[in-house]
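Asks: structure, please.
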Amino acid sequence: MEKQPAVYILASKRNGTLYIGVTSDLVKRVWQHKNDVIGGFTKEYGVYTLVYYELHSSMAEAIRREKQLKKWNRAWKIALIEEENPHWFDLWSALIA
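Replies: Presented below is the predicted three-dimensional model:
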């Protein structure tokens, strides 16, 4: 996958702790989370499963979307995930395939 702005959601488990982030290189960033390269929230709470992502045409657009999603209540975030990924599969393998 080429570098492209993206918003993503990681989860600790189904209906578990959620993390929303933005990046210009989704493969690299998710790998960093999964391998504890960067300390912080995801490492502390074991949030490693990529359950949702959106690709955007610009970083400004991706950042706007990230801020929007972070303001959503939990039920809306879960509904968004389950609309695209009802079984909460780890989408990581599809990214690197």
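
Asks: where exactly do the helices run in the protein?
Replies: Here the chain has its helices, by DSSP state H, at 26-34, 41-45, 59-71, 74-84, 92-96.

Asks: right, and those - which one's nearest residue 19?
Replies: helix 41-45 (5.3 Å; Cβ to Cβ). To be clear about C-beta, it is placed using only N, CA and C from the backbone, and glycine gets the same treatment.

Asks: and the closest one, what's its mean pLDDT?
Replies: Helix 41-45 comes out with an average pLDDT of 95.

Asks: so what secondary structure elements neighbour that helix?
Replies: The helices and strands touching helix 41-45, judged by 3 or more Cβ pairs under 8 Å, 6 or more residues apart in numbering; DSSP states H and E, are strand 18-23.

Asks: quick one: the strand it packs on to helix 59-71, angle?
Replies: 170 degrees (axes from the mean of the first three to the mean of the last three Cα atoms, to 10 degrees).

Asks: partners of strand 18-23 in the sheet?
Replies: Next to strand 18-23 in the sheet, as set by DSSP bridges, lie strand 6-11 (antiparallel).

Asks: what lies in contact with the partner strand?
Replies: With Cβ atoms under 8 Å, 6 or more residues apart in numbering as the test, strand 6-11 has contacts from 17-24, 26, 29-30, 33, 42, 47-56, 62, 65-66, 69, 77, 80-81, 88.

Asks: please name the bridge partners of residue 11.
Replies: residue 18, residue 49.

Asks: counting neighbours, what do you get for it?
Replies: Look at residue 11: counted by other Cβ atoms under 10 Å, it has 23 neighbours.

Asks: residue 27 reaches residue 94, doesn't it?
Replies: No - counting by Cβ atoms under 8 Å, no contact exists between residue 27 and residue 94, whose distance comes to 10.7 Å.

Asks: please say which of those two ends up with more neighbours.
Replies: Looking at residue 27 and residue 94 with other Cβ under 10 Å, you find the greater number of neighbours at residue 27, namely 15 against 11.

Asks: what residues sit buried inside the lowest-mean-pLDDT helix or strand in the chain?
Replies: In the chain, no helix or strand scores lower on mean pLDDT, DSSP states H and E than helix 92-96, which sits at a mean of 91. For helix 92-96, the neighbour count (16 or more other Cβ atoms under 10 Å) marks 92, 95 as buried.
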